[in-house]
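*Asks:* Requesting a structural model of the entry that follows:
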Amino acid sequence: MIAAVLESGDPRRLYTGLSLLVSAAVDGTPARALAMFGALGPLLDDDLGTTALRTSGIAAEHGEAFARTLVELRDTALVLGECRVWACAAAVDLTGTDRARVEARLAGILSTPQFLREVAGARLVVV
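*Replies:* So this is what the prediction gives:
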């Protein structure tokens, strides 16, 4: 199993973390992630592509491809059977994020200790 703590809301870092999760899951390796403060918003952003175009720092001629792929990675990670992405309970509570929206899009809401128990023994990365 591979586990990622997704902290950064930077589109390039989020792309990296999601790419890692999706690649592992597609190969049959269970992949798990906990979305912290920075990553929670982008994972729930219905207009992530537009946001990524504005904030990624990717050269203009490659920006649309980057944004499209980021959205595809996010959407794929959220539906792959081998991949689960939870929201950090503290991040949801302290940012005032709508819990029903989180539950509808992500695998649910977990505290950090719960997540660490869930992924015990996994290779853990922080992005």
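*Asks:* residues of stretch 33-42 that come out buried?
*Replies:* When burial is assessed from 16 or more other CB atoms under 10 Å, stretch 33-42 yields the following buried residues: 33-40, 42. Where you see a C-beta, it was placed from the backbone N, CA and C, and this is true even at glycine.
*Asks:* all strands of the chain, in order?
*Replies:* 2-6, 31-35, 83-88, 109-110, 123-126 (DSSP state E).
*Asks:* need the contact list for the nearest residue to residue 88 once chain neighbours are set aside.
*Replies:* In space, and not counting its chain neighbours, residue 88 is closest to residue 36: 4.9 Å by CB to CB, 6 or more residues apart in numbering. For residue 36, the contact set (CB atoms under 8 Å, 6 or more residues apart in numbering) comprises 5-7, 88, 91.
*Asks:* Determine the longest helix present in this structure.
*Replies:* For the chain, the helix with the greatest residue count under DSSP state H is helix 60-77.
*Asks:* What residues of that one count as buried?
*Replies:* Buried, per 16+ other CB under 10 Å, within helix 60-77: 63, 66-67, 70-71, 73-74, 76-77.
*Asks:* The nearest residue to residue 127 once chain neighbours are set aside: neighbour count?
*Replies:* With sequence-adjacent residues excluded and distances taken as CB to CB, 6+ apart, residue 127 is closest to residue 17, at 3.5 Å. For residue 17, the neighbour count with other CB atoms under 10 Å is 23.
*Asks:* mind checking how far residue 17 is from residue 74?
*Replies:* Using CB to CB, to the nearest Å, residue 17 is found at 10 Å from residue 74.
*Asks:* How about the contacts made by the residue lying closest to residue 94 once chain neighbours are set aside?
*Replies:* Spatially, and ignoring its direct neighbours in sequence, residue 94 is nearest to residue 37 (7.5 Å; CB to CB, 6+ apart). Listed by CB under 8 Å, 6+ apart, the contact set of residue 37 reads 7, 9, 88, 91, 94-95.
*Asks:* Also residue 22?
*Replies:* Residues counted as contacts of residue 22 (CB under 8 Å, 6+ apart) are 31, 73, 76-77, 80, 83.
*Asks:* Thanks a lot, see you next time.
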